[in-house]
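[1] Build the 3D model from these lines:
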Amino acid sequence: MTPAPYCHERLIAELAVQRAAILTKEVLSSVNRGEFAKTDATPVTVADFAAQALLISAIRGAFPSDRFVGEEDADALRDNAALRQRVWGLVASTHLCDSEVLLATPASVVDMLETIDLGGRGTGGPEGRIWMLDPIDGTASFLRGEQYAISLALIEDGKEKVGVLGCPNLSLRTGRVQETVVDERGYGLMLSAVRGQGATIRPMGTRSLRPATRIEGLGEGPIELKDLHFVDSSQSNIWWHEKVGEVAARVGAAYPGTDLWSSHMRYVALIVGGGDVQLRIPRRRMTPVYVWDHAGIQLIFTEVGGEITDLNGKDIDFGSGRELTNNWGMLAAKHGVHSRILNVANEMLHENS
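    Next up, the predicted model:
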């Protein structure tokens with residue numbers, strides 16, 4: 001039987017994300033053991049650099065011709081020997097037990113630095129195979145032991161092909177994604193998708209991949225817009241929450257609903273946490289929006305029936321470089337409500353212009 005398209009890319013990406021999840025949970029454990037001061041930002045710095053090194057190394061080992069776009073470059077590590085050695089200690093010691101595939105790992109400190117730079121100095125673009133990654137999305141909530149995500153996505157000629165998201169603290173025991181409802185003893189959950197093949201969810205561990213369950217379609221959403229459940233981040237100062245609240249008020253819906261810091265975890269709240277809509281209205285016209293905050297998880301969302309456009313109704317363009325410069329604002333919603341909320345939002349923006 002012919003393997004499904006991108007099955008090997010998906011497998012390597014899933015294993016790479018699971019290995020990075022193990023690393024980040026070890027850093028959190030070290031915080032709990034008192035190895036870092038509670039006010040020290042070093043834990044998230046260490047975890048960010050080390051996770052990026054492991055993610056890129058795994059992908060480069062399997063697909064050496066592919067390119068990368070990631071958040072971090074290694075300049076800070078070159079300037080700080082103590083930090084560099086701490087990151088290297090984690091990179092060199094983190095592995096999967098009994099994995100079906102042996103993932104590549106940086107061979108030396110120099111190799112680690114060069115591997116990290118492949119992401120931080122990657123430019124992206126509209127052509128070729130480019131892996132976009134966010135080693136820790138939600139750094140503030142990570143430090144608090146709340147929700148964060150590890151994202152890895154394959155973009156080919158500007159289009160999402162594979163998306164894998166590790167959520168090491170995610171617990172769905174309440175049916176909602178909540179900052180403080182976390183998986184304290186395990187490694188959380190992983191969501192993944194290949195374009196045209198649907199999406200799955202599985203628990204993460206320290207060994208081979210555990211069995212996955214197909215994520216069912218989201219459906220059309222509530223018939224009455226007053227019943228919409230909004231997902232947002234009240235802590236972010238770059239998005240115009242007052243305007244989102246005004247849109248909710250115009251349709252009679254409660255606002256805010258689910259409130260999460262991590263960009264990726266807000267999509268998760270739409271996919272498996274009962275949310276219906278996330279509306280992002282920039283406060284300023286030139287607000288930067290980075291590709292790694294959205295690549296991959298948008299594919300997972302659309303594979304289960306979600307719809308995403310910018311506020312002009314355009315598809316999101318991941319071929320524009322490191323930033324989504326060809327789009328303004330964003331609306332992610334269940335298919336049956338997307339166009340209705342887009343119309344309400346644009347009517348409000350036009351009236352206020």
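[2] For the protein, which segments are assigned as strands?
    All strands of the chain, identified by DSSP state E, fall at 67-70, 129-137, 149-156, 159-167, 189-194, 199-203, 213-214, 231-232, 258-259, 277-280, 306-309, 330-334.
[3] Who does the fourth one pair with, and is each partner parallel or antiparallel?
    Yep, that's strand 159-167 we're talking about. Using DSSP bridges, strand 159-167 pairs in its sheet with strand 149-156 (antiparallel), strand 189-194 (antiparallel).
[4] thinking again about what came up before, and the strands of the chain as TSV, adding distance to Glu100 and mean pLDDT?
    Bear in mind the C-beta positions are built from the backbone N, C-alpha and C, glycine included. Converted to TSV, these look like this (distance: least, C-beta to C-beta, whole Å; pLDDT from 0 to 100):
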stretch	distance to Glu100	mean pLDDT
strand 67-70	24	98
strand 129-137	21	98
strand 149-156	18	98
strand 159-167	16	98
strand 189-194	15	98
strand 199-203	14	98
strand 213-214	19	98
strand 231-232	35	96
strand 258-259	35	96
strand 277-280	35	97
strand 306-309	31	98
strand 330-334	33	97
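[5] gap between Ala254 and Asp232?
    Here Ala254 is placed at a distance of 12 Å from Asp232 (C-beta to C-beta, to the nearest Å).
[6] Does Pro168 touch Lys25 like I think?
    Yes: under the criterion of C-beta atoms under 8 Å, Pro168 makes contact with Lys25 at 5.4 Å.
[7] if we can go back for a sec, tell me the most buried of the strands paired with strand 159-167?
    Of these, the one with the most neighbours on average (mean count of other C-beta atoms under 10 Å) is strand 149-156, at a mean of 28.
[8] Format the strands of the chain as JSON lines; extra columns: distance to Trp292.
    Formatted as JSON lines, the strands of the chain follow (distance: least, C-beta to C-beta, whole Å):
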{"stretch": "strand 67-70", "distance to Trp292": "6"}
{"stretch": "strand 129-137", "distance to Trp292": "4"}
{"stretch": "strand 149-156", "distance to Trp292": "7"}
{"stretch": "strand 159-167", "distance to Trp292": "12"}
{"stretch": "strand 189-194", "distance to Trp292": "16"}
{"stretch": "strand 199-203", "distance to Trp292": "19"}
{"stretch": "strand 213-214", "distance to Trp292": "26"}
{"stretch": "strand 231-232", "distance to Trp292": "19"}
{"stretch": "strand 258-259", "distance to Trp292": "22"}
{"stretch": "strand 277-280", "distance to Trp292": "16"}
{"stretch": "strand 306-309", "distance to Trp292": "16"}
{"stretch": "strand 330-334", "distance to Trp292": "15"}
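[9] These: which one's closest to Gly321?
    For Gly321, the closest of those is strand 67-70, at 8.3 Å, according to C-beta to C-beta.
[10] So what touches that closest one?
    Under the criterion C-beta atoms under 8 Å, 6 or more residues apart in numbering, residues 52, 55-56, 59-60, 116, 118-120, 122-124, 128-135, 291-292, 322 lie in contact with strand 67-70.
[11] how about a cut-off of 6 Å?
    When contacts are defined by C-beta atoms under 6 Å, 6 or more residues apart in numbering, strand 67-70 is touched by residues Gln52, Ile56, Leu118, Gly119, Gly120, Gly122, Gly124, Ile130, Trp131, Met132, Leu133, Arg322.
[12] Kindly confirm whether my reading is correct that the last one touches Gly124.
    Put plainly, it is Arg322. Yes: assessed by C-beta atoms under 6 Å, Arg322 is found in contact with Gly124 at 5.5 Å.
[13] any idea which helix or strand of the protein has the worst average confidence?
    Among the helices and strands of the chain, helix 139-143 carries the lowest confidence by mean pLDDT, DSSP states H and E, at a mean of 92.
[14] what's the neighbour count on Glu127?
    Counted by other C-beta atoms under 10 Å, the residues lying close to Glu127 total 10.
[15] swap that for Phe68, sorry
    The burial count for Phe68: 23, using other C-beta under 10 Å.
[16] same thing with the one 5 residues further on?
    Each residue near Asp73 was counted by other C-beta under 10 Å, and the total is 18.
[17] ok, the closest residue to it other than its chain neighbours to Thr325 distance?
    Nearest residue to Asp73, sequence neighbours excluded (C-beta to C-beta, 6 or more residues apart in numbering): Gly120, at 2.7 Å. For Gly120, the distance to Thr325 (C-beta to C-beta) stands at 19 Å.
[18] More neighbours: which of these two?
    Legend: neighbour count by other C-beta under 10 Å for Gly120 and Thr325, higher for Gly120 (18 against 13).
[19] any chance of the strands paired with strand 159-167 in a markdown table, plus distance to Val164?
    What follows is the strands paired with strand 159-167, written out as a markdown table (distance: least, C-beta to C-beta, whole Å):
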| stretch | distance to Val164 |
| --- | --- |
| strand 149-156 | 5 |
| strand 189-194 | 4 |
